[in-house]
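Visitor: Need a 3D model of the following:
(one chain, ligands or ions: 1)
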Amino acid sequence: MTTTTATAPGKVILFGEHAVVYARPAIAVPVAKVQASVTLTDGPPGSGCTIAAPDIGARVRLSAHREDPLALAVRLALEEAGIQAEPDWQLTVRSDIPIAGGMGSGAAVSAALVKSVFAHTELPASAQPSAEAVNRIVYAVEKLHHANPSGIDNTVVVYQQPVWFVRGQPPQPFNIARPFHLVIADTGIASSTAAVVSDVRRAWQDDTVGYEKIFDGIGQIAGAARQAIQSGDVNALGPLMRENQRLLRQLDVSTEMLERLIATAEEAGAAGAKLSGAGRGGNLIAVVESEKVVTVQEALLSGGAVGALVTRLGS
Ligand code: PMV
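Guide: Okay, here's the model as predicted:
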């Protein structure tokens with residue numbers, strides 16, 4: 001009996017969520033401190049293929065749940081690897097990425113599943129499906145979660161690099177010239193990306209000119225942030241986050257709790273903070289000078305965040 005393990009990181013969007021659905025650029029980075037992992041073990045002959053996620057009480061059989069997201073990831077990976085017969089495999093998913101928290105939990109679970117299938121098939125390196133193939137499959141599964149994903153979540157989680165992302169274009173990895181720290185804090189409020197994205201779509205339909213203007217503003221902030229990150233001007237990032245948050249508020253995707261925690265982070269010394277992901281709950285991010293990281297983290301936790309982790313971006 002052989003066992004294969006594969007992992008994928010969480011992610012945060014630094015700048016550009018929502019506007020990215022409307023073809024404006026966005027910046028996202030992997031967060032390796034939280035991970036999804038899959039252990040794939042051979043089962044007895046005839047046992048079939050089962051995928052279990054014990055942390056959320058899920059257990060699906062590949063043959064019986066063809067449109068379940070866990071099963072779909074495995075099925076598409078098997079198709080890509082040219083395996084037709086259902087294998088006798090037990091796949092177990094574990095993840096410490098907050099669910100429905102804007103940290104790419106669904107994409108990371110799919111990516112880890114697909115990578116585990118490819119690794120377990122022991123294809124020679126020349127026949128191994130490419131990262132593009134993994135990305136394509138994870139994107140197909142993302143479409144089950146919400147109908148119109150921009151593709152940013154799957155891209156950053158699969159390539160595991162900071163990416164400059166424009167919908168429909170190949171992702172551009174880019175360099176972080178000077179390291180900086182983020183505090184990522186969880187409101188503990190689960191938020192459905194699908195619901196928030198479709199609310200924004202309705203509002204955009206009602207006021208297309210106004211919303212297009214906000215999306216343009218967010219796209220310009222993403223562009224300025226890329227310049228700042230690539231040139232090592234980390235002092236520019238705080239004000240850009242504040243400005244991005246002001247526009248997200250105009251899209252009506254922030255909440256009182258997010259606003260309160262963002263203010264808490266800034267009062268405790270963060271240079272700037274904003275929600276990250278779909279909003280209406282989930283996580284916020286704060287850019288913080290290294291000597292203030294612990295103060296900001298503690299302030300967020302005593303202010304009601306259910307979790308707060310620190311990550312250093314750039315090496
Ligand atoms: O899945 P989340 O919550 O990180 O949100 C994804 C970001 C959005 O821009 C809101 C949606 C998308 O598809 O890009």
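
Visitor: What residues does the stretch 201-315 of the chain have near the ligand?
Guide: Gly277, Ala278, Gly282 (CB under 6 Å from any ligand atom). All C-beta spots, glycine's among them, are computed from the backbone N, C-alpha and C.

Visitor: Quick check: of the residues you listed, which lies closest to Ala222?
Guide: Distance ranking of those against Ala222, using CB to CB, places Gly277 first at 14.9 Å.

Visitor: Can you tell me the closest non-neighbouring residue to that closest one?
Guide: The shortest distance from Gly277 to any non-neighbouring residue, by CB to CB, 6 or more residues apart in numbering, is to Gly102 (1.9 Å).

Visitor: Kindly report the residues of the stretch 1-150 of the chain close to the ligand.
Guide: So the stretch 1-150 of the chain meets the ligand at Ile13, Glu17, His18, Val20, Val21, Gly102, Gly104, Pro149, Ser150 (CB under 6 Å from any ligand atom).

Visitor: Save those as TSV, and put in pLDDT, secondary structure and neighbour count too.
Guide: Converted to TSV, these look like this (pLDDT from 0 to 100; DSSP: H, G, I helix; E, B strand; the rest coil; neighbours: other CB atoms under 10 Å):
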residue	pLDDT	secondary structure	neighbour count
Ile13	98	strand	29
Glu17	98	coil	31
His18	98	coil	26
Val20	98	helix	25
Val21	97	helix	21
Gly102	88	coil	29
Gly104	92	coil	32
Pro149	94	coil	22
Ser150	95	coil	26
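
Visitor: Return the closest of the residues you listed with respect to Ala32.
Guide: Using CB to CB, those come closest to Ala32 at Gly104, 11.9 Å.

Visitor: sorry, back to before: from the residues of the stretch 201-315 of the chain next to the ligand, list just the buried residues.
Guide: Gly277, Ala278, Gly282 (16 or more other CB atoms under 10 Å).

Visitor: Quick one: residues contacting the first one.
Guide: To tie it back to what came earlier, the one meant is Gly277. Shown in contact with Gly277 (CB atoms under 8 Å, 6 or more residues apart in numbering): Val12, Ile13, Glu17, Gly101, Gly102, Met103, Ser191, Thr193, Asn283.

Visitor: Within the sheet, what are the partner strands of the strand or helix carrying Lys33, with directions?
Guide: Using DSSP states H and E, the element containing Lys33 is strand 26-42. If you go by DSSP bridges, strand 26-42 pairs up with strand 3-15 (antiparallel), strand 89-95 (antiparallel), strand 163-165 (antiparallel).

Visitor: circling back to that earlier point, among the buried ones among the residues of the stretch 201-315 of the chain next to the ligand, which are in strands?
Guide: Assignment to strands by DSSP state E places none of those there.

Visitor: Much appreciated, bye for now.
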